[in-house]
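**Q** Next one to model:
(one chain, ligands or ions: 3)
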Amino acid sequence: MKLLSAEQTRAADAYTIQGEGISSTDLMERAARAFAGWFENKFQPSEQVHIFCGPGNNGGDGLVVARLLHERTYGVQVYLVGEQDKTSQDFSINLKRLPEALQPKHIAKSADLPALVKSSCVIDALFGTGLNRPVTGIFAQVINMMNESGATITSLDMPSGLYTDSQTPEEGAIVQANHTVSFELPKLAFLLPQHEQFVGDWHVVPIGLSQQFISEVASDLYFTTQQDVHQLIRPRKKFSHKGLYGHALLLCGGYGKIGAAVLAARACLRSGAGLLTVQVPQAGYTVLQTAVPEAMTLTDKHRKHLSALPSNIDTFDVIGVGPGLGTERVTKTAVGQLLATVSQPLVIDADAINIVASSDKLKAQLPKGKVIFTPHPKEFERLVGKVKNDYDRLQHLREFCTEYQCYVTLKGSHTAIGTPEGKVYFNSTGNSGLATGGTGDVLTGVITALVGQQYSLEEACLLGVYIHGLAADLALSTVGSIAMTASDVIDHLPKAFMHLNQPMP
Ligand SMILES: NC(=O)C1=CN([C@@H]2O[C@H](COP(=O)(O)OP(=O)(O)OC[C@H]3O[C@@H](n4cnc5c(N)ncnc54)[C@H](O)[C@@H]3O)[C@@H](O)[C@H]2O)[C@@H](O)CC1
Ligand SMILES: Nc1ncnc2c1ncn2[C@@H]1O[C@H](COP(=O)(O)OP(=O)(O)O)[C@@H](O)[C@H]1O
Ligand SMILES: [K+]
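**A** Ligands and ions are numbered 1, 2, ... in the order given. Modelled structure (predicted):
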């Protein structure tokens with residue numbers, strides 16, 4: 001699905017209102033109803049709910065939510081924050097519709113601030129997508145008071161004070177929500193690690209925004225859903241044979257890190273590779289043959305490190321390189337040779353990324369349209385230089401992918417996949433159980449297998465990252481997030497593929 005900017009969200013709003021011939025208050029009612037539906041499932045009517053409303057339509061939504069929750073027997077206290085002379089039209093209409101029993105309190109100065117306690121239940125409806133400057137003054141005081149109270153805060157559409165799609169200036173106060181309930185589509189800000197403390201758990205509720213508008217609007221930001229990847233996966237044909245599913249080569253493992261090769265190899269085989277050859281240094285031969293009997297093993301002439309490419313390198317359909325490799329001089333030379341000579345697609349991870357990053361000459365040799373890099377944020381910085389914040393990182397991602405005409409899966413909680421056209425796809429699966437050594441090696445194996453099966457490089461990134469996260473999500477119910485290991489992720493790849501191979505409900 002696409003991600004829209006604040007401006008595009010406003011346009012989607014206007015298009016829907018016009019297309020359906022409804023009023024903007026009708027859409028506000030719909031949005032508030034969707035929010036209240038979520039809220040009712042989460043919080044008991046015995047709660048006293050404190051709703052803080054700003055002057056715009058976000059505050060307007062808050063007023064409608066107040067009315068709806070009052071009808072549903074919640075105790076509600078409404079606070080109108082700031083001067084009341086510049087409120088939006090829909091805010092004013094809904095203020096008039098507020099039942100008499102709900103006498104709002106005004107907060108214009110510090111003396112008006114209420115005393116919230118830890119057990120308070122708060123709805124933050126100060127600002128949404130219309131925020132156009134950092135929050136200061138009385139609004140900031142309200143936000144600081146909410147944050148310091150320790151109350152359970154649910155933000156309506158956006159945590160107030162947080163910019164929807166650009167870096168929030170440092171001087172602005174921002175609500176630290178426990179939950180953020182947003183409309184129709186997730187917002188870019190929700191997907192960035194630097195915003196975790198503000199956004200909390202986020203949820204999206206549908207409000208019937210025009211699907212036509214959303215499908216036609218130009219956006220190069222996407223959020224990968226199960227439906228998106230379900231369309232990509234290709235079931236096997238009855239008369240197919242192993243030759244049709246690619247012969248993958250993995251150049252992985254060094255002394256003390258042969259396990260990385262084992263993990264990548266097992267993941268590659270569990271992701272449908274027709275044939276797999278793994279080249280390891282001599283020290284890894286017995287390990288590989290024992291741990292992964294399905295893989296063919298080539299041994300490097302070096303005892304501890306990769307030092308040369310296999311002589312039959314042309315026979316492979318895809319080459320995955322990097323996990324556990326080390327950055328010895330001999331290995332650097334071999335990676336240089338790989339970039340300069342091979343014509344197959346390459347999946348470049350870990351130390352192979354570090355080697356490429358260390359040399360502008362190697363970067364210049366990257367074959368166009370043939371490379372997938374799978375860096376974690378540190379490795380990415382080695383490639384592009386220090387980044388200032390998560391938006392800057394995204395900008396670098398786009399620029400690197402377009403300059404080198406490559407794909408990058410920038411790993412993290414919502415792994416961001418950059419393409420040579422400058423598109424970015426955020427992944428929706430995975431959990432903190434993946435924050436453990438070796439899970440990146442698994443991802444290299446998965447993506448290498450998919451490229452070998454003739455998925456396009458973009459498809460292999462989208463599908464591979466999604467499946468890898470889904471396997472971890474499925475592993476949660478048996479091993480939980482604390483005990484999860486990279487091997488658990490491999491063990492759940494079969495379930496993940498089966499899950500995706502089923503018809504969508
Ligand atoms: N398309 C959608 O998704 C829908 C959005 N709706 C709601 O409408 C909201 C957007 O409403 P608006 O465009 O009125 O914007 P907001 O209500 O987010 O804020 C705009 C108001 O706040 C003022 N303001 C902005 N930054 C400020 C600051 N730092 N300090 C003090 N005042 C500031 C502006 O001058 C304006 O009066 C959404 O977040 C959502 O809650 C719904 O009502 C309907 C459907
Ligand atoms: N908190 C998290 N939530 C979801 N996924 C995570 C989280 N932390 C790490 N991951 C995923 O785990 C993998 C870690 O890869 P990497 O850092 O290369 O590990 P290693 O090099 O040890 O194999 C990536 O796919 C990343 O997206
Ligand atoms: K809000």
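**Q** do you know how far Gly412 is from Gln194?
**A** With the distance defined as Cβ to Cβ, to the nearest Å, Gly412 ends up 11 Å from Gln194. Glycine gets a C-beta too; all of them are placed from N, C-alpha and C.
**Q** How about Leu309?
**A** 40 Å.
**Q** more crowded one of the two?
**A** Leu309 (20 against 13; other Cβ atoms under 10 Å).
**Q** List the residues that contact that one.
**A** Shown in contact with Leu309 (Cβ atoms under 8 Å, 6 or more residues apart in numbering): Leu251, Ala334, Gln337, Leu338, Thr341, Val342.
**Q** which SS class is it?
**A** coil (DSSP: H, G, I helix; E, B strand; the rest coil).
**Q** list the contacts for the residue of the chain found nearest ligand 2?
**A** Scanning the chain for the residue nearest ligand 2 gives Gly440, at 2.1 Å (criterion: Cβ to the nearest ligand atom). Taking Cβ under 8 Å, 6+ apart, we find Gly440 in contact with Pro323, Asp349, Ala350, Thr374, His376, Lys411.
**Q** swap the cut-off to 7 Å and go again
**A** By Cβ atoms under 7 Å, 6 or more residues apart in numbering, Gly440 lies in contact with Asp349, Ala350, Thr374, His376, Lys411.
**Q** Remind me which helix or strand it belongs to.
**A** helix 439-452 (DSSP states H and E).
**Q** Find the nearest non-adjacent residue to Glu29, please.
**A** Val64 (5.8 Å; Cβ to Cβ, 6 or more residues apart in numbering).
**Q** nearest spatial neighbour of the closest residue to ligand 1 within the stretch 251-400 of the chain, skipping sequence neighbours?
**A** Nearest residue of the stretch 251-400 of the chain to ligand 1: Tyr391, at 18.8 Å (Cβ to the nearest ligand atom). Nearest residue to Tyr391, sequence neighbours excluded (Cβ to Cβ, 6+ apart): Gln167, at 4.9 Å.
**Q** Next one: the one you found from Ser343, what distance?
**A** For Gln167, the distance to Ser343 - Cβ to Cβ - is 41 Å.
**Q** which of these two has more neighbours?
**A** Using other Cβ under 10 Å, the more surrounded residue of Gln167 and Ser343 is Gln167, with 14 against 9.
**Q** where does the residue nearest to Gly161 when sequence neighbours are not counted fall, phi/psi-wise?
**A** Nearest residue to Gly161, sequence neighbours excluded (Cβ to Cβ, 6+ apart): Ile174, at 3.7 Å. Ile174 adopts backbone torsions of phi -140, psi 130, taken as degrees, to the nearest 10.
**Q** Could you check how many residues crowd around Ile174?
**A** Counted with other Cβ under 10 Å, Ile174 comes out at 24.
**Q** okay, Gln405: pLDDT?
**A** On pLDDT, Gln405 comes in at 98.
**Q** what about the helices in the stretch 351-500 of the chain?
**A** For the stretch 351-500 of the chain, the helices defined by DSSP state H, counting those that start in this stretch occupy 360-364, 377-384, 390-404, 439-452, 457-479, 486-491, 493-501.
**Q** one step back: ok, the contacts of Gly440 vs Pro104, which is closest?
**A** Pro104 lies nearest to Lys411 out of these, by Cβ to Cβ, at 46.7 Å.
**Q** The closest one contacts His376, doesn't it?
**A** Yes: proximity of Lys411 to His376 meets the contact threshold set by Cβ atoms under 7 Å, at 4.7 Å.
**Q** So those two - more neighbours on which side?
**A** Set side by side, Lys411 and His376 show more neighbours around Lys411, with 24 against 16, by other Cβ under 10 Å.
**Q** Could you check how far the residue nearest the centre of the chain is from Ala350?
**A** By Cα atoms, centre = their mean, the chain has its centre lying nearest to His414, at 2.1 Å. Note on His414: its distance to Ala350, by Cβ to Cβ, is 21 Å.
**Q** same question, Leu116
**A** 48 Å.
**Q** who has more neighbours, those two?
**A** Shown here are Leu116 and Ala350; by other Cβ under 10 Å, Ala350 has more neighbours (25 against 18).
**Q** Could you look up the SS state of the residue of the chain positioned farthest from its centre?
**A** In the chain, Glu100 marks the outermost C-alpha relative to the chain mean, sitting 44.1 Å out by Cα atoms, centre = their mean. When classified by three-state DSSP, Glu100 comes out as coil.
**Q** Could you list the residues of the stretch 401-505 of the chain in contact with ligand 2?
**A** 411-413, 415, 430-432, 434-435, 437-441, 443, 468 (Cβ under 6 Å from any ligand atom).
**Q** what do you get if the cut-off is 8 Å, keeping everything else the same?
**A** 409, 411-415, 427, 430-443, 465, 468-469, 472, 486 (Cβ under 8 Å from any ligand atom).
**Q** Drop anything exposed from these.
**A** The neighbour count (16 or more other Cβ atoms under 10 Å) marks 409, 411-415, 427, 430, 433-434, 436, 438-443, 465, 468-469, 472, 486 as buried among those.
**Q** so what's the closest residue to Gln77 other than its chain neighbours up against?
**A** Closest residue in space to Gln77, ignoring its immediate chain neighbours: His50 at 5.2 Å, by Cβ to Cβ, 6+ apart. If a contact means Cβ under 7 Å, 6+ apart, then His50 has Gln77, Tyr79, Leu116, Ser120, Cys121, Val122 as its contacts.
**Q** Just put the residues you listed in TSV and tack on pLDDT, secondary structure and distance to ligand 1.
**A** What follows is the contacts of His50, written out as TSV (pLDDT from 0 to 100; DSSP: H, G, I helix; E, B strand; the rest coil; distance: Cβ to the nearest ligand atom, whole Å):
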residue	pLDDT	secondary structure	distance to ligand 1
Gln77	97	strand	20
Tyr79	98	strand	15
Leu116	92	coil	21
Ser120	91	coil	22
Cys121	96	strand	19
Val122	98	strand	16
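**Q** May I ask which two of those residues are separated the most?
**A** Tyr79 and Cys121 (13.5 Å).
**Q** hang on, the earlier thing: would you confirm that the residue nearest to Glu29 contacts Arg30?
**A** No: distance between Val64 and Arg30: 9.4 Å, which falls outside the contact criterion (Cβ under 7 Å).
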